[in-house]
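Student: need a structure here:
(chains A and B)
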Amino acid sequence: MSSLSSTTYALEMIRINKSFGPVIALDDVSLKVKVGTVHGLIGQNGAGKSTLMKILSGIYPDGEFAGEIKVAGENVKMSSPLDAQIRGIAIVPQEITVADSLTVAENILLSEFGISPRIVYSKKKNSQKITEFLTANEIPLNADQLVSELSLHKKQILMIASALYKAPKVLVLDEPTSSLTSDEIENLFSIVRNLRKRGFTTVFITHKLPEILELCDAVSILRDGKTVRTSERSEFDANQLVSDMIGRKLGDLYPAKTELPKNAKVIFSARDLVVENPRKPGEKMVSAFSFDLHAGEILGLGGLVGSGRTEILRALYGDNRVLAGKLELEGKEISSTNIPSAINSGIGYVTEDRKLEGLFFNLEIRSNATASILDKFTRLGVLQKRKEKVVAKEISESLAVKPQDIFEMIGNLSGGNQQKVLIGKGLLAKPVIFMLDEPTKGVDIASKAEIYRIVSDLAKQGVGIILVSSEFPELLALSHRILVFSGGAMIGEMTGDSTKEQDLMMMAIGQS
Amino acid sequence: MRTNLKSFTTLSPFVKRLIFLVVVFAIFAGLNPAFANYASILSIVQGIAFVGIASVFLVLLITAGEFDISIGATAALSALTSAMLVTKQGYSIPIALSISLGAGILVGLINGLVVIYGKVPSFIATIAMLFMCKSLATFISEGKGIADFPDLYEGFKQSLIGQYFSILVFIIFVLVGEFILNRTNFGKVIAAVGSNPEAARTAGINTNRVKLILFMATGCGAALAGFLSLLHFSSAWFTLGSGWELLAIAGLVIGGTSLFGGRGTVTGLFLGLLLMQVVASGMVASSIDPWWQTVITGVIVLVSLSVDMKRKKVKTDAT
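Tutor: As a prediction, the model looks like this:
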């Protein structure tokens, strides 16, 4: 800290512009972070947070964007992630990246091992050094513990410790709480507060408002690639943050909603349903709740990531345990214990993760589409490829999958077309109720519109649809009704009405 | 008894394996007391020295998350190159040795470059290298072997050092390998690269360079093993080193090295190879049908591997 006047800002990103081809990702974005503060950065998915951070971390090097970056008052031009680290910027990414087979101390010292002129490793000395460092920063980790024995939460803290060890001028935490329990979040907050006390500067990226309200001294809001506002703690409240984050026109993205007939029959009902938390066997994810689904109805499940939405869908699909409750499908009681029986009784599910558990990337469109109904084309154990081809062609044409060649490898398709094939795979099993989990994740805007049309058409044909989406505008525009989950319970129901995004957000974060 | 058992499970993996080895040895010694004499122990250690020397740096390479299947073929190539240079071309032994080691390093370098920059999985790339080295070795030796390789110098093999030379080199290799892995910064870097390459990379480590160095060291170790075998037997055949890769992998897995990278132990490799050799020799000594020997080896490998998998599973479950 040479001259105090010029270094009141630990970090200044001034008039940053970045575009990908014709798409403008960042439009004159500025971010100024005062020394010794915790500065929140919020915005919805696609608002530009990650692009901004990629610029700050040197992933998009100087020259690939327009604008200026100053660290502690000095102009910096960064050529690589390593360069950014050297200039005092430490980013703790969302994904856990630690070396499991090493100890805590060894992980923290890893960056030194790579460049250290010393050859011999002294376990005792290093462990002592790191213990002192951890104590000084009040970080609750044991230097000698093997990292593979740590919980996810502790690994996250370890990543923060590793970043801190390099004595950065700015510490950036990218959505650090997304996989933590409330106790663990509190724990993390106290670490961040301690750092502030010691004069560290932290940028805290999140989309959870309560965290901003609780922790941050200032906040910058990004929306559609622009800085909407930067406010001091005294100047913002939840209401205003929500309206700043949203506030965009919806256009004709969504198909017109058809009224549900008054006498629509109930095709699926759940009574006092309790589903298991897959990460804590035997424990419930959400307390008991009940609901009905009508033929032709689109029922949305609203809430934040981690509120139990996905676990509920998976339980109905037989991929997560139902601990208690009664399920009825078309008047008959069903028990949802495994996936094949769920498919047979007419329940379809489209996973939120098409890469990991949705599609076979080394197979072509045809085989992906027909994967769950192969026995329909099989005679005496032999696959009748001709029949399979006809069916695959039909479904991919009706869903407008591009390219039209059903022998194209799935990996060569765009995210949107992959998603359509995934939906097609579910539809071929002729579901009575169809559950879609984040159906437009990582999908371009044109494909989004097509997927909305597919979903809406399905409902018109009388299929009952349960929809989970983190994009509240989409959830509101498509759903007839929305069940809102927050804090481990179903806290209410609302009608799907595009003007109610703020209400939904407030409910989801438990502020109403 | 229960407390005894409990204290057994808390022992270090090395000590546990050592106890197991001693028990197995004692059983065979019980079946045939002659098995426990000095000459038989010496021949057991001698029996694993060459494959052992070729495997030490392989342990480090596997710890860094890569594989090398070509160690045996590299050893054959090195041995036959030296043999030909000395017996047919009249080179001196030190020069022939240097050329052979250079060939081994070159093999490792090519392996490394193909894996790192060609993005070929190391398992596949080094199988290809195995074929190439093998046929090159056959070509160099004109399909025959060499049976008249001279001594290092007059009377070397009869000298005290000469008698135990390859065992000595093996033990030094084990100590050096273990020291690198556990007591140097580079050893920690190796484990980090194998455990989570992304974490290593973000810590500023040049993971490619680490792997390349280890590929070259593995090639060099294999070449030295081939040369020492040539020196020891005064002969070499193009079949030298066949099956070393499997022995090495079995030995290091029994020893506790993880095939997934991140965790490796060279002293474990030592015990693993020793255990297999004790079983092999012990069965011969107790007149058990030798065909059973490989079955038993297979069982030991399976048990060790499933323990490794289990441990990995437990850990991922915990997170």
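
Student: from now on I want contacts and neighbour counts done on CA atoms only, so please keep to that.
Tutor: Noted.

Student: quick check: buried residues in the strand or helix carrying B:Val22?
Tutor: Secondary structure assigned from DSSP states H and E places B:Val22 in helix B:13-31. By neighbour count with 16 or more other CA atoms under 10 Å in any protein chain shown, helix B:13-31 contains the buried residues B:17-18, B:21, B:24-26, B:28-29.

Student: check the gap between A:Arg366 and A:Val421 for me.
Tutor: Spatial separation of A:Arg366 from A:Val421 under the definition CA to CA, to the nearest Å is 9 Å.

Student: neighbours of the residue lying closest to A:Phe268 once chain neighbours are set aside, how many?
Tutor: For A:Phe268, ignoring the flanking residues on the chain, the nearest one in space by CA to CA, 6 or more residues apart in numbering or on different chains is A:Leu329 at 4.5 Å. Neighbours of A:Leu329 under the rule other CA atoms under 10 Å in any protein chain shown: 19.

Student: what does A:Phe472 give?
Tutor: A:Phe472 has 22 nearby residues by other CA under 10 Å.

Student: tell me if I'm right that it and A:Thr499 touch.
Tutor: No: contact between A:Phe472 and A:Thr499 fails when scored by CA atoms under 8 Å: they sit 10.7 Å apart.

Student: flag the shaky bits of chain A, pLDDT-wise.
Tutor: By pLDDT under 70, the weakly predicted segments of chain A are A:1-7, A:22, A:45-46, A:116-117, A:246-252, A:444-445, A:512.

Student: what's the longest strand in it?
Tutor: strand A:280-294 (DSSP state E).

Student: check whether that strand contacts chain B.
Tutor: No: Strand A:280-294 stays out of contact with chain B when judged by CA under 8 Å from any CA of the partner chain, the minimum separation being 10.9 Å.

Student: mind listing what's buried in that strand?
Tutor: Residues of strand A:280-294 classed as buried: A:284-286, A:288, A:292-294 (neighbour count, 16+ other CA under 10 Å).

Student: packing partners for it?
Tutor: If you count contacts as 3 or more CA pairs under 8 Å, 6 or more residues apart in numbering or on different chains; DSSP states H and E, strand A:280-294 packs onto strand A:266-277, strand A:322-329, strand A:464-468, strand A:489-495.

Student: which one of those strands has the most crowded surroundings?
Tutor: Each of the helices and strands packed on strand A:280-294 was scored by mean neighbour count; the highest is strand A:464-468, a mean of 25, by mean count of other CA atoms under 10 Å in any protein chain shown.

Student: direction included, what does that strand pair against?
Tutor: When pairing is defined by DSSP bridges, strand A:464-468 lines up against strand A:298-302 (parallel), strand A:433-437 (parallel).

Student: and the next helix or strand past it?
Tutor: Where DSSP H and E defines the elements, the next helix or strand beyond strand A:464-468 is helix A:472-478.

Student: what's the following helix or strand after the helix or strand harbouring A:Ala25?
Tutor: Using DSSP H and E, A:Ala25 maps to strand A:23-34. On the C-terminal side of strand A:23-34, the closest following helix or strand by DSSP H and E is strand A:38-42.

Student: and the angle from that next one to strand A:23-34?
Tutor: 160 degrees (axes from the mean of the first three to the mean of the last three CA atoms, to 10 degrees).

Student: partners of strand A:38-42, with directions?
Tutor: Strand pairing for strand A:38-42, using DSSP bridges, gives strand A:202-206 (parallel), strand A:218-223 (parallel).

Student: residues from chain B in reach of chain A?
Tutor: Residues of chain B lying close to chain A (CA under 8 Å from any CA) are B:182-186, B:188-189, B:191-193, B:195-196, B:198-200, B:202-206, B:262-263, B:315-316, B:318-319.

Student: let's see that with 10 Å instead.
Tutor: Counting by CA under 10 Å from any CA of the partner chain, the residues of chain B close to chain A are B:179-189, B:191-207, B:210, B:261-264, B:312, B:314-319.

Student: rewinding a little: can you list the strands that the strand holding A:Ala25 pairs with?
Tutor: Neighbouring strands of strand A:23-34 in its sheet, by DSSP bridges, are strand A:9-20 (antiparallel).

Student: and the residue in the stretch 51-200 of chain B that chain A sits nearest to, what pLDDT?
Tutor: Proximity of the stretch 51-200 of chain B to chain A (CA to the nearest CA) peaks at B:Thr184, 4.2 Å away. B:Thr184 carries a pLDDT score of 92 in this model.

Student: tilt between the helix or strand harbouring B:Leu274 and helix B:13-31?
Tutor: Assigned by DSSP H and E, B:Leu274 belongs to helix B:266-285. For helix B:266-285 against helix B:13-31, the angle by the same axes, to 10 degrees is 10 degrees.

Student: what's the average pLDDT for helix B:266-285?
Tutor: Mean pLDDT, helix B:266-285: 92.

Student: re earlier: just give me how far the longest strand of chain A sits from the chain centre.
Tutor: Offset of strand A:280-294 from its chain centre (CA atoms, centre = their mean, to the nearest Å): 22 Å.
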